[in-house]
Every structure is written in structure tokens, then in C-alpha cells.
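Novice: Dropping the sequence and predicted coords here.
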Amino acid sequence: MGRLLRPLLRGTTYTRLLHLWVPMLVVSVWMFIDPSRPWVPALLLVPVGLIPAVRMGEGVQARLLLLPGDPDPGFSVTASATWQDRLRTVLWLEARMALGAVALFACVWLPGLAYELTVLASGHASHGIPLLDQASPHRWFALLIALPLLALYAAVVGLGELVTVVARGLLGPSAAERLAALEERTERLLERNRIARELHDSIGHALTVAVVQAGAARAAGDPDFTDRALAAIEETGRSALADLERVLGVLRESGRPASGRPTLAEADRLLESARASGAKVDAEVTGPLESVPAPVSREGYRILQEALTNVLRHAGAVPVRVRVGVADDLLCLEVRNPLTARIPGPGRGSGLRGIRERAALLGGRASTGPDEGDWQVRAELPLR
């Protein structure tokens with residue numbers, strides 16, 4: 001019984017009923033003007049539904065009354081952009097008026113029927129409903145009182161559910177709106193992934209350098225080396241804090257561009273940081289690096305940063321060969337170091353996956369893994 005009565009305790013049941021009754025106000029006014037033509041209001045809904053702004057108003061009403069409080073009710077709240085949207089709005093207005101008429105009839109006639117049955121059961125003649133005005137009073141009519149009340153319950157709850165389903169079908173987003181929403185959601189996911197990669201590469205590199213430098217300084221026991229290690233940790237930490245502040249600024253202000261990201265023009269900073277951590281870096285840069293487009297240069301910097309971070313993290317102070325070349329509309333990055341047992345297999349770790357994702361987003365490719373006794377990270381990024 002409690003489950004049966006639960007819909008009657010929900011406010012949504014009554015807001016949906018109100019939503020159905022609103023068009024009946026117009027019909028009621030018209031019935032005072034010309035009751036012989038009750039179909040005129042339904043006819044007038046056709047030109048009204050063709051007005052683009054009407055769809056927006058109907059969507060707002062549906063959100064507020066059919067599914068109040070639902071964060072994603074599935075109703076469009078934009079004006080009609082195509083003739084298909086206009087025709088769907090017209091169909092919705094006609095369906096809403098038809099369902100509203102049924103709801104109003106049920107809410108007026110069924111309670112009256114229950115009352116007249118009560119009158120007959122109490123031994124008095126009925127005069128309110130033509131179907132019962134010829135019936136003789138009898139107490140057995142008490143058994144029928146529940147039937148119109150159950151029908152009223154079914155009408156109120158059922159019509160509310162039905163109008164919600166119809167609204168989702170006719171006021172739901174069009175194909176163009178769904179495509180735009182999908183593109184927007186994809187852009188947000190790509191932005192989140194990009195920020196995650198930025199934080200992983202920048203903060204991961206800084207922590208790796210700090211750990212390696214601190215461990216080397218403690219093992220060396222040389223005050224001069226310790227001073228150099230602390231200076232390298234300080235510089236790397238400042239750079240990581242600047243990157244973190246920039247990313248957090250982008251997150252706080254959605255319209256703020258992601259400016260100030262380092263490019264390959266600042267690659268010397270990465271190489272010096274790796275050298276200060278004990279790695280023997282042999283770097284060679286060929287081609288006009290300044291002609292590399294900014295997006296490619298920024299992603300190339302992050303790929304180089306992650307590759308050097310992996311060397312320090314997994315191989316330690318080993319010889320590293322870095323090659324950066326620009327030729328034939330292609331930026332080539334290659335980082336090689338001796339293969340050690342501690343280096344993970346290809347494809348593991350979010351850093352290596354991030355390298356491949358960065359290259360793929362620019363239409364390029366990246367490979368990571370053992371190669372002729374070395375561990376190799378190679379990326380090819382198109383400049384156009």
C-alpha cells in the first residue's frame with residue numbers, strides 16, 4: 001500500500017498535473033467567447049508552435065514542472081533552429097493540449113462520479129451525473145466508490161508519466177544539438193587529459209630531479225656537489241611551481257588561454273637539469289628550431305621532458321643521447337640511453353602513454369621501447 005501511495009507524496013506528480021492544466025486556461029477563456037467551436041485553440045497552436053522562441057519557453061516549462069531538480073532532464077532550452085524543430089514544437093503543443101484535456105476531464109468528472117456513488121449508497125437519489133440519475137439508491141453502490149478514485153489515481157500518475165515521455169521525444173535535443181553537445185563534451189575531456197599530462201610531466205620531472213639530486217648529494221658527501229644539487233632542486237622546483245600555477249589558473253578561469261607553456265626553445269633548461277642530476281647528456285639540435293609552430297614546439301618540449309624524466313627515474317646517471325631535428329616539415333625527437341633491467345617494458349606507465357597521446361593529437365607518431373641494446377623514445381611530429 002505504501003508503494004502504491006508513494007507517487008501521491010511526490011511533488012513531481014502535482015507539478016506535472018499543473019503543467020497539463022496550463023493550456024486549459026486558454027481553452028477556458030475561448031469557451032466563454034465561442035463554445036460552439038472548441039477546436040479553434042488547437043488550430044491556433046500551429047502558427048504559435050512555428051515561432052522559434054516558443055520551443056525555448058516550452059523547454060523551460062518542462063524542466064521546471066515535469067522533472068524539477070533533475071540536472072539532466074533531456075529537454076532542449078534553445079530556440080528552434082530548423083523546420084524540423086518547429087514541427088516537433090507544434091506536435092508537442094497539440095499533444096500537451098490533448099493530454100491536458102484528458103487530465104482536466106478526469107480530475108473533474110471522476111471525483112464527481114465518486115461523490116454521486118456515495119450519495120446513492122447513502123440512500124439518496126443522484127442528480128449530478130446523467131448516467132446515475134435514473135439509478136435507485138442502494139447501499140451496494142458503496143462497493144463502486146473506489147473505482148473512480150482508482151481511475152483518478154491512474155489518470156493523474158499515468159498522464160504525468162506519459163506527458164514526460166512525450167516531452168522528451170518532442171522537446172529533446174535535435175540531431176544538431178546532440179552533435180554540438182557531444183563535441184563540447186569531447187573538448188572538455190581532451191582538455192582534462194591535456195591538463196593531466198601537463199601536471200604529470202612537469203611535476204613528475206621536478207620530483208624525479210629532486211629525488212635523484214638529493215640521493216646523489218647524500219651519497220657523494222661533497223659540500224660543493226651538495227650546493228650544486230640544491231641549486232638544481234631549487235631551479236627545478238621553481239619551474240614546476242610556475243607550471244602548476246599556470247595550470248591552476250586555467251582551471252579557475254575557463255576562458256583563460258593556456259599561455260606561457262614552455263617550448264623547445266627552452267630545451268637547454270631540461271638538458272642542464274638532467275646533467276645536474278648526473279646524466280651524461282649528448283645533445284644535438286639540427287634545423288631551424290625557431291620555425292616550429294608553437295603547438296608542436298610545446299608538445300615536443302613535454303615529450304622531451306618526459307623522456308629525460310624516465311631516464312633519471314629508471315636508469316639513473318647513465319649516458320643519454322638526445323637528437324632534435326627539423327627537416328622536411330617534420331620535427332624528430334629521439335632520446336636513447338643504455339637499457340637496464342629496471343626499465344619497464346614497452347607500453348607501461350602513464351608517462352609513455354602520454355608521449356604517444358601527445359604525438360597522436362598532432363597527427364604524428366611516437367614509439368618507445370628497447371632498440372639495439374638501448375631504451376629509445378622516438379617521436380615524429382608534422383609541422384603542418
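Specialist: On my side now, so go ahead. Remember, it's a predicted structure, so these values are computed and weren't measured experimentally.

Novice: can you confirm E334 is in a strand?
Specialist: Yes. According to DSSP: H, G, I helix; E, B strand; the rest coil, E334 belongs to a strand.

Novice: ok, how many other residues are close to it?
Specialist: 19 (other Cβ atoms under 10 Å). Heads up, the C-betas are built off the backbone N, CA and C, glycines and all.

Novice: Distance of it relative to L162?
Specialist: 65 Å (Cβ to Cβ, to the nearest Å).

Novice: do T208 as well
Specialist: The value you get for T208 to L162, if Cβ to Cβ is used, is 61 Å.

Novice: Also L147?
Specialist: 21 Å.

Novice: Which one's more surrounded, the two?
Specialist: Each of L147 and L162 has its neighbours counted (other Cβ under 10 Å); L162 has more, 16 against 13.

Novice: Thought G100 was touching that one, still the case?
Specialist: No. At 11.6 Å, L162 does not count as touching G100 under the criterion of Cβ atoms under 8 Å.

Novice: Low-confidence stretches in the stretch 151-300 of the chain?
Specialist: Along the stretch 151-300 of the chain, the parts satisfying pLDDT under 70 run over 175-176, 179-184, 186-191, 193-194, 197-198, 200-202, 205, 220-221, 243, 246-260.

Novice: Where does the most far-flung residue of the chain relative to its centre sit: helix, strand or coil?
Specialist: Distance from the centre of the chain peaks at S136, with 65.1 Å (Cα atoms, centre = their mean). Using three-state DSSP, the structure places S136 in coil.

Novice: L270 contacts L308, correct?
Specialist: Yes. Shown here, L270 and L308 form a contact pair, counting by Cβ under 8 Å, at 5.7 Å.

Novice: phi, psi of the residue farthest from the centre of the chain?
Specialist: phi -80, psi 140 (degrees, to the nearest 10).

Novice: From P173, how far off is R185?
Specialist: Relative to P173, and taking Cβ to Cβ, R185 is found at 13 Å.

Novice: between these two, who's got more neighbours?
Specialist: Between R185 and P173, counted using other Cβ under 10 Å, the more crowded position is P173 (18 against 10).

Novice: Phi and psi next, for the residue lying closest to that one once chain neighbours are set aside.
Specialist: Spatially, and ignoring its direct neighbours in sequence, P173 is nearest to S76 (4.7 Å; Cβ to Cβ, 6 or more residues apart in numbering). The phi/psi pair for S76 (degrees, to the nearest 10) reads phi -80, psi 140.

Novice: Outline the domain layout of the protein.
Specialist: 2-173, 179-382 (automatic domain parsing).

Novice: Give me the distance from the shortest one to the chain's centre.
Specialist: In terms of Cα atoms, centre = their mean, to the nearest Å, the centre of domain 2-173 is found 34 Å from the chain centre.

Novice: now swap in the last one and tell me
Specialist: Average the C-alpha atoms of domain 179-382, do the same for its chain, and the two points are 29 Å apart (Cα atoms, centre = their mean).

Novice: Just give me the neighbour total for M97.
Specialist: Neighbour tally, M97, other Cβ under 10 Å: 19.

Novice: hmm, I was thinking of P68
Specialist: Residues near P68, counting by other Cβ under 10 Å: 12.

Novice: Leaving out the residues flanking it, which one is nearest to it?
Specialist: Distances taken as Cβ to Cβ, 6+ apart place T15 nearest to P68, at 5.9 Å, with adjacent residues excluded.

Novice: pLDDT at the one you found, what is it?
Specialist: According to the prediction, T15 has pLDDT 93.

Novice: residues contacting it?
Specialist: L64, L65, L66, P68 (Cβ atoms under 8 Å, 6 or more residues apart in numbering).

Novice: so where do the strands sit in this structure?
Specialist: Counting by DSSP state E, the segments of the chain that form strands are 280-286, 319-327, 330-338, 365-371, 374-382.

Novice: Isn't S126 up against A114?
Specialist: No. With contact defined as Cβ under 8 Å, S126 does not count as touching A114 (11.7 Å).

Novice: What separation do you get for L144 and P130?
Specialist: Distance of L144 to P130, computed by Cβ to Cβ: 17 Å.

Novice: same check, this time on R88
Specialist: Relative to P130, and taking Cβ to Cβ, R88 is found at 40 Å.

Novice: So between those two, which is more surrounded?
Specialist: R88 (20 against 8).

Novice: May I ask you to confirm that that one is in contact with L171?
Specialist: Yes. Here R88 reaches L171: they are 7.5 Å apart, a contact under Cβ under 8 Å.

Novice: which residues are in contact with both of those two?
Specialist: Joint contacts of R88 and L171 (Cβ under 8 Å, 6+ apart) are R55.

Novice: count of residues packed around the residue nearest to V102 when sequence neighbours are not counted?
Specialist: Nearest residue to V102, sequence neighbours excluded (Cβ to Cβ, 6+ apart): L159, at 6.4 Å. Residues near L159, counting by other Cβ under 10 Å, number 19.

Novice: cool, and A206?
Specialist: Using other Cβ under 10 Å, the number of residues around A206 comes to 23.

Novice: can you give me the helices in the chain?
Specialist: 2-9, 11-33, 40-49, 52-65, 83-121, 146-170, 175-220, 223-252, 267-276, 294-314, 350-361 (DSSP state H).

Novice: tell me the most buried of those helices?
Specialist: With neighbours defined as mean count of other Cβ atoms under 10 Å, the helices of the chain peak in mean count at helix 294-314, which reaches a mean of 23.

Novice: just checking, what packs against that helix?
Specialist: Contacts defined by 3 or more Cβ pairs under 8 Å, 6 or more residues apart in numbering; DSSP states H and E place helix 294-314 against helix 175-220, helix 267-276, strand 319-327, strand 330-338, helix 350-361, strand 374-382.

Novice: Using JSON lines, lay out these together with distance to S36.
Specialist: Putting the helices and strands packed on helix 294-314 into JSON lines (distance: least, Cβ to Cβ, whole Å) gives the following:
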{"stretch": "helix 175-220", "distance to S36": "42"}
{"stretch": "helix 267-276", "distance to S36": "86"}
{"stretch": "strand 319-327", "distance to S36": "84"}
{"stretch": "strand 330-338", "distance to S36": "80"}
{"stretch": "helix 350-361", "distance to S36": "68"}
{"stretch": "strand 374-382", "distance to S36": "75"}
